[in-house]
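[1] Provide a 3D model corresponding to the input given below.
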Amino acid sequence: MKKRILLIQPENREINRFRRRQLNNFCQITMPYLAAFVDESRYAVTLVDEYNQRIPYRRQFDLVAMTVNTPNAPHCYRISAAFRAAGAKVVLGGPHATLLSDEAAQHCDYLLLGESEDTWPQFLRDFDAGQARARYQADSPPSLRNLPTPRWDLIKRRFFLMKGAVFATRGCPHHCTYCNLKQIYHDCFRTRPAQEVLRDVRALPARHFVFWDDNFFADKAYALTLMKGLAPLKKRWAAQVTLESCADEQLLAAARAAGCLYLFVGLESFSQASLDHAGKGINRIAGYEAIVQALHRHGIMVQAGIIFGFDDDTPDIFQQTLRGCERLGIDGVTVSILTPLPQTPVYHQMQREGRLLTRDWTHYNGKTHVAFQPRHMTPDELYAGYLRFRRQFYSLASFIRRMRVSRTHWFYNLAMNLGYRWALR
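    Predicted structure coming up:
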């Protein structure tokens, strides 16, 4: 008889309310990807995405698996307790379980730490044989060759621009103090075979998709090869890249020809001191304008990552950032509050300085709480300034000012801005 396995993409109510108001949320790739490794001759698979589905607590499962990020950790622990009380075994993995494994181990039966291409299939075999160990962790970087295509057929009730993600590379060569990639992944940059990535793109159920990479342009030769293969597929896509790589006209031309709609670029700040102290010195504010103009010239929208709360940020950073975004014609922003995620350099710094305000991990989502004491303002001032910036940036007046500069993809730009504006209501 097959064992029954439930895969959960968790999302607590607070962040779910925040995200569901936005129209342009892409589906997460983790659980459809992990589902593709499951041997269906041995397991009956159910996948639940809490973005728009309820967890079936009344059903019986032999194994429940969850990926845990920091703001969802308490929520995941409650889910785990409910299923364990009903007789199921629970396995946890993901960023938070990797960063704080001893904490996570108190709330599950098994842990998968770090990258899981090798450990997840091994765990499933061991569990089926009744020989599963308490912890699994890869000693070396797993190969990214011959990976299965994510099980998008298991995702239900996803509409609009929300269903489709692919990853082509893993890792990032930079060392930003607020980022936890170096603590989660092996510290090396790797690529997947381009033909396998293109196979996954062809299998997507939607025309629009996003590359779930941390630095899509990090290997120029690889990116050019992949984008050449993307062009005939006539799909529209987005990816995350560094600002410096966008200075390369060859990459931008290839991206446009391959169907790139927008690039997420981590500007992070309009304060050079903040960038330097955060380990983001590769960004030079003096070069922002030329690079944004190059992106727009190639018909690519700019979705800028902005973070408020760096130690050099003062109360005028909000207006300074708004003026800068409007002057450059930034099409959209993903704006966050600095979050000292566990085990990152900024976390250790603030812990030493006694500036962490809470260990309630739900406050570490970067959107609805301030989890630390800023250096040049109060937590309330930081949160109020962050909200004010979002309202002003996505106002109709600001949109018109930015579009007069950008003049890129009016329809998509309007839809994206309206999505964020609706969320603010």
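
[2] can you tell me how far the spatially closest residue to Leu338 that is not a sequence neighbour is from Glu244?
    Take Leu338 and drop its neighbours on the chain: the residue closest to it by Cβ to Cβ, 6 or more residues apart in numbering is Gly309, 3.3 Å away. Using the backbone N, CA and C atoms, a C-beta is placed for each residue, glycine as well. Distance, Gly309 to Glu244, using Cβ to Cβ, to the nearest Å: 24 Å.

[3] between the two, which one's more packed in?
    Neighbours per residue (other Cβ atoms under 10 Å) separate Gly309 from Glu244, with Gly309 holding more: 28 against 15.

[4] now do the closest residue to Lys220 other than its chain neighbours, the pLDDT please.
    Distances taken as Cβ to Cβ, 6+ apart place Leu251 nearest to Lys220, at 6.4 Å, with adjacent residues excluded. Each residue has a pLDDT score; the one for Leu251 is 97.

[5] what about Leu251, helix or strand, and which?
    If you go by DSSP states H and E, Leu251 is part of helix 249-257.

[6] elements contacting that helix?
    helix 220-230, helix 288-297 (3 or more Cβ pairs under 8 Å, 6 or more residues apart in numbering; DSSP states H and E).

[7] counting by contacts, list what the last one packs against.
    In terms of contact count using 3+ Cβ pairs under 8 Å, 6+ apart, helix 288-297 is assigned the packing partners helix 249-257, strand 260-268, strand 301-308, helix 317-328.

[8] ok now it, how far from the chain's centre?
    24 Å (Cα atoms, centre = their mean, to the nearest Å).

[9] re earlier: surely the residue nearest to Lys220 and Leu224 touch.
    Yes. Between Leu251 and Leu224 there is a contact at 7.0 Å, judged by Cβ atoms under 8 Å.

[10] so for those two, which sits in the more crowded spot?
    A side-by-side neighbour count of Leu251 and Leu224, using other Cβ under 10 Å, places Leu251 first with 21 against 18.

[11] what's near enough to touch the more buried one?
    Leu251 makes contact with Phe217, Lys220, Ala223, Leu224, Ser245, according to Cβ atoms under 8 Å, 6 or more residues apart in numbering.

[12] phi first, then psi, for the last one.
    Here the main-chain torsion angles of Ser245 (degrees, to the nearest 10) amount to phi -70, psi -20.

[13] close enough to count as contact, it and Asp219?
    No. Using Cβ under 8 Å, Ser245 makes no contact with Asp219, being 10.1 Å away.

[14] any figure for the gap between the spatially closest residue to Ile291 that is not a sequence neighbour and Val166?
    Distances taken as Cβ to Cβ, 6+ apart place Cys246 nearest to Ile291, at 4.9 Å, with adjacent residues excluded. According to Cβ to Cβ, Cys246 and Val166 sit 20 Å apart.

[15] quick check: closest non-adjacent residue to Tyr43.
    Ile5 (4.7 Å).

[16] can you pull the poorly scored residue ranges out of the stretch 301-425 of the chain?
    Within the stretch 301-425 of the chain, the segments meeting pLDDT under 70 span 423, 425.

[17] go again using 90 as the cut-off
    410-425 (pLDDT under 90).

[18] can you give me the helices in it?
    Counting by DSSP state H, counting those that start in this stretch, the stretch 301-425 of the chain has these helices, from start to end: 317-328, 345-352, 379-393, 396-406, 410-424.

[19] got CSV for the ones you listed, with distance to Trp212 and mean neighbour count too?
    Formatted as CSV, those follow (distance: least, Cβ to Cβ, whole Å; neighbours: other Cβ atoms under 10 Å):
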stretch, distance to Trp212, mean neighbour count
helix 317-328, 25, 20
helix 345-352, 24, 16
helix 379-393, 24, 17
helix 396-406, 25, 16
helix 410-424, 19, 16
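
[20] would you turn these into JSON lines with distance to Thr339?
    Conversion of the helices of the stretch 301-425 of the chain to JSON lines gives the following (distance: least, Cβ to Cβ, whole Å):
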{"stretch": "helix 317-328", "distance to Thr339": "17"}
{"stretch": "helix 345-352", "distance to Thr339": "9"}
{"stretch": "helix 379-393", "distance to Thr339": "12"}
{"stretch": "helix 396-406", "distance to Thr339": "25"}
{"stretch": "helix 410-424", "distance to Thr339": "19"}
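
[21] do a quick rundown of the strands in the protein.
    Using DSSP state E, the strands of the chain run over 3-9, 43-49, 63-67, 89-93, 110-113, 135-137, 165-166, 169-170, 190-191, 208-211, 236-241, 260-268, 301-308, 332-337.
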